[in-house]
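1. here's a sequence, model it:
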Amino acid sequence: MKYLITLLIFIFSPLVFASPLKIYLADGTTVETNMVNLLAEFSTTSFETRLPWFPDQRSFTGIPVMKLVERYGDENTFAVTFLALNDYAATSTVEDIQKFAPIVAVKMNGEPMKIRHKGPYWLIFNLNKYPEIDNIGYHSQMVWQIDEIILHSNQDGER
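-> Okay, the predicted model is just below:
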């Protein structure tokens, strides 16, 4: 019985039924991935920061965006657009990504983020480390409920 309960917990774990994420590459191909694959492929980083949407500081763990750019981009990648489930979109330049090291957060305060809590993927800048970007321009780039990422390259034709 103990093994059956363990198996059921594993089967219904939120990481098993992982959240899909599409990454559109500059060459027109699409990478379809999920939380399990991302966490297997990329190391994560964590930091604490305050955000304008919460009264207190929060801890975030996620994949450094620059690692995604290095893996899926090319030498001509100049920007990344993050699209949310509600079709909100914001674009960050690779220059800002290199300078301010945002993450695609998958955990807040040690817990996986559910859709109702701005998850499963949320672009987060560390405003504690970089107070100069604590403004509406960067706040608006912190897309939550991300389900698509587009890498822009100088080869992009229409983008």
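
2. all the strands of this protein, residue numbers only.
-> 20-24, 30-34, 45-49, 58-64, 77-84, 89-93, 103-108, 111-112, 122-124, 146-153 (DSSP state E).

3. with mean neighbour count and mean pLDDT added, can I get the ones you listed in CSV?
-> All C-beta spots, glycine's among them, are computed from the backbone N, C-alpha and C. Formatted as CSV, the strands of the chain follow (neighbours: other CB atoms under 10 Å; pLDDT from 0 to 100):
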stretch, mean neighbour count, mean pLDDT
strand 20-24, 16, 96
strand 30-34, 14, 96
strand 45-49, 15, 98
strand 58-64, 19, 98
strand 77-84, 20, 98
strand 89-93, 16, 98
strand 103-108, 23, 97
strand 111-112, 14, 95
strand 122-124, 24, 98
strand 146-153, 21, 97
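
4. out of the ones you listed, flag the one nearest Y130.
-> Nearest to Y130 among the strands of the chain is strand 45-49 (9.2 Å), distances taken as CB to CB.

5. if we can go back for a sec, okay if I get the strands of the chain as JSON lines plus distance to Y138?
-> Below are those laid out as JSON lines (distance: least, CB to CB, whole Å):
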{"stretch": "strand 20-24", "distance to Y138": "22"}
{"stretch": "strand 30-34", "distance to Y138": "26"}
{"stretch": "strand 45-49", "distance to Y138": "12"}
{"stretch": "strand 58-64", "distance to Y138": "15"}
{"stretch": "strand 77-84", "distance to Y138": "13"}
{"stretch": "strand 89-93", "distance to Y138": "9"}
{"stretch": "strand 103-108", "distance to Y138": "14"}
{"stretch": "strand 111-112", "distance to Y138": "25"}
{"stretch": "strand 122-124", "distance to Y138": "10"}
{"stretch": "strand 146-153", "distance to Y138": "16"}
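
6. with that, I have no additional questions.
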